[in-house]
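Chemist: Can you look at this prediction? I've put the sequence above it.
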Amino acid sequence: MTHSHPKQQFTICYDDELYTVSAGQTILAALEAAGRRFVRGVGCRGGVCGACTVLYRMGDHYQIRAALMCQELVQEGMTILPLPWFPQKQMRYPLTLGEGESAHYRVVNLYPEVNRCIMCGECSRLCPVGLDVMGYVGMIKRGDLKQASRSSFTCVQCQACTLRCPAQIPQPNAALAARLFHARHQRPEAEHLTRMLQRLEQHDFTAAFRHLRRMDQEELQALYQSREREPDDTAPGTWLPEDDRLLEPYF
């Protein structure tokens, strides 16, 4: 005869309310199990969108941390404050350059605050997805938009870094501008994408789309579930699907 042991219980404080939750759950799952209903501040639930960003402190410890509720596990004594939105500076701009203007100059002209960085490292320490935020800000300042784009690529736009920055730098939006201008003006054009756009304009896939639209939901779901999938342990750039009809013109 086996006996089930009760799960360990934690007491956490969320948005100034106390909740008793079970150990081993994410903050989001624990709060929902405790009866908290979320209308805003929850998005993909997969650690990608940044919508469920919170700040938290452990007990009476001085340090403030940032986390994504859908990823961080509950701990005893957490005091949690939701951060659904922060009014960081957000410029509107076309992806064009003036005569003699470089992509780097354009980005820094849009977000000159990057030059005020005092290299305190608070942004990198607080980032819930572990980015070297201070590092990519420095890359933007130096004009290395390629490396800045790579280093900031997994940013989830949670804005925690902006909240704590003493120089008031809108790091996520400056990084987004760096990626956009690097992609438009510095990276070579992807020829296979250009050819694919041409095929779309020539209606090469119209018949296939019509076939999909005639399927009922169960057929479409079965087709999706049976699709070829790249194995997780495959080295980048080495896997090709058995059905190479779409690949044939490009390889």
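Modeler: Arrived safely.
Chemist: For this protein, which residue occupies the most central location?
Modeler: The centroid of the chain falls nearest to residue 156 when counting by C-alpha atoms, centre = their mean (2.7 Å).
Chemist: Surely that one is in a helix?
Modeler: No: in this structure, residue 156 is coil, not part of a helix, as judged by DSSP: H, G, I helix; E, B strand; the rest coil.
Chemist: Angles on the backbone of it, please.
Modeler: phi -100, psi 10 (degrees, to the nearest 10).
Chemist: now do residue 169
Modeler: Residue torsions, per degrees, to the nearest 10, at residue 169 are phi -90, psi 130.
Chemist: hang on, isn't it packed against residue 116?
Modeler: Yes: counting by C-beta atoms under 8 Å, residue 169 touches residue 116, with 6.5 Å between them. Every C-beta, even on glycine, is put in place using the N, C-alpha and C of the backbone.
Chemist: So which residues of the chain form strands?
Modeler: Along the chain, the stretches classed as strands by DSSP state E are 9-14, 17-22, 53-58, 65-68, 78-82.
Chemist: what number of residues lie near residue 179?
Modeler: Using other C-beta atoms under 10 Å, the number of residues around residue 179 comes to 19.
Chemist: Residue 169 and residue 116: who's more crowded?
Modeler: residue 169 (26 against 13).
Chemist: May I have the longest helix along the chain exported as PDB, CA atoms only?
Modeler: Assignment by DSSP state H gives helix 171-185 as the longest helix of the chain. What follows is helix 171-185, C-alpha atoms only, in PDB (Å, rounded to 0.1, in the frame of the first residue of the first chain):
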ATOM      1  CA  GLN A 171      17.500  49.200 -24.300                       C
ATOM      2  CA  PRO A 172      14.900  46.900 -25.900                       C
ATOM      3  CA  ASN A 173      13.800  49.500 -28.400                       C
ATOM      4  CA  ALA A 174      17.400  50.600 -29.200                       C
ATOM      5  CA  ALA A 175      18.200  46.900 -29.800                       C
ATOM      6  CA  LEU A 176      15.200  46.500 -32.000                       C
ATOM      7  CA  ALA A 177      16.200  49.400 -34.100                       C
ATOM      8  CA  ALA A 178      19.700  48.000 -34.400                       C
ATOM      9  CA  ARG A 179      18.300  44.700 -35.700                       C
ATOM     10  CA  LEU A 180      16.000  46.300 -38.200                       C
ATOM     11  CA  PHE A 181      18.600  48.700 -39.700                       C
ATOM     12  CA  HIS A 182      21.300  46.000 -39.700                       C
ATOM     13  CA  ALA A 183      18.900  43.600 -41.600                       C
ATOM     14  CA  ARG A 184      17.800  46.300 -44.100                       C
ATOM     15  CA  HIS A 185      21.100  47.900 -44.900                       C
END
